[in-house]
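K.L.:
got a structure for you, letters missing:
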């Protein structure tokens, strides 16, 4: 006959060698690792964002700054509404906070798209056989050693040529056509 394990049994009662571990994490310890939500009239923290209502240095009004957790600088700073007394700011509330989070996320997304567009350019050029060739310029903006690569692809995505260029290289259709005509050698 096999012993049945009782789920309700206290291990210290059934196992004489059982020792309690003082470093063992309980459920309350796990909750302490969750991000702290703050919902004050001038400071909200939730969903990875902090909204802080601050005095506008340019005038007598108020501003709100949105900072992504882990970042030192705010992603968004904008004007904030005065309260009814015309001296103090309107307190933050759930709809305002969630609108600010949405706006700050959109600002970050647009910034990422703009940065991607600056670092990754492409043009299409008609090849000698009449097929389309895509020429791409990919820039690595490394602070210590920025680099850039020019590459060409046929309509099936097969690489036709690749060359290192200066990060300041200006890609356009004419330069791409000359590079293709030159056999994908060192670009001008």
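P.N.:
Looks like it arrived, so ask away. What you see is a predicted model; the values in this text were computed from it and never measured. Numbers count the residues shown, from 1 in each chain.
K.L.:
C-alpha from now on. contacts and neighbour counts both.
P.N.:
OK.
K.L.:
For residue 42, give its distance to residue 75.
P.N.:
17 Å (Cα to Cα, to the nearest Å).
K.L.:
Okay, and residue 45 sits in which element?
P.N.:
In this structure, residue 45 is located in strand 43-46 according to DSSP states H and E.
K.L.:
what helices or strands is whatever helix or strand comes next after that strand leaning on?
P.N.:
Using DSSP H and E, the helix or strand that follows strand 43-46 towards the C-terminus is strand 49-55. Here strand 49-55 is seen to pack against strand 43-46, strand 62-68, helix 94-119 when contacts are counted using 3 or more Cα pairs under 8 Å, 6 or more residues apart in numbering; DSSP states H and E.
K.L.:
I'd like the ones you listed laid out as TSV, including mean neighbour count, distance to residue 36 and mean pLDDT.
P.N.:
Putting the helices and strands packed on strand 49-55 into TSV (neighbours: other Cα atoms under 10 Å; distance: least, Cα to Cα, whole Å; pLDDT from 0 to 100) gives the following:
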stretch	mean neighbour count	distance to residue 36	mean pLDDT
strand 43-46	19	7	94
strand 62-68	21	14	95
helix 94-119	14	16	95
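K.L.:
I'd like to know which of these is closest to residue 167.
P.N.:
Each of those has some distance to residue 167 by Cα to Cα; the shortest is helix 94-119, at 9.0 Å.
K.L.:
picking that back up, any chance of the helices and strands packed on strand 49-55 in CSV with distance to residue 170 as columns?
P.N.:
Formatted as CSV, the entries for the helices and strands packed on strand 49-55 read as follows, by distance: least, Cα to Cα, whole Å:
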stretch, distance to residue 170
strand 43-46, 43
strand 62-68, 34
helix 94-119, 11
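K.L.:
just so I have it, where are all the strands in the chain?
P.N.:
Taking DSSP state E as the criterion, the chain contains strands spanning 38-39, 43-46, 49-55, 62-68, 76-80, 120-126, 132-140, 147-153, 159-165.
K.L.:
hey, least reliable of those by pLDDT?
P.N.:
With a mean of 90, strand 38-39 has the lowest mean pLDDT of these.
K.L.:
mind listing what that one pairs with, with the direction of each?
P.N.:
Paired neighbours of strand 38-39 in the sheet (DSSP bridges): strand 43-46 (antiparallel).
K.L.:
now the strand it pairs with, how far from the centre of its chain.
P.N.:
19 Å (Cα atoms, centre = their mean, to the nearest Å).
K.L.:
Relative to residue 175, which of the helices and strands packed on strand 49-55 is closest?
P.N.:
Going by Cα to Cα, the one of those nearest residue 175 is helix 94-119, 17.6 Å.
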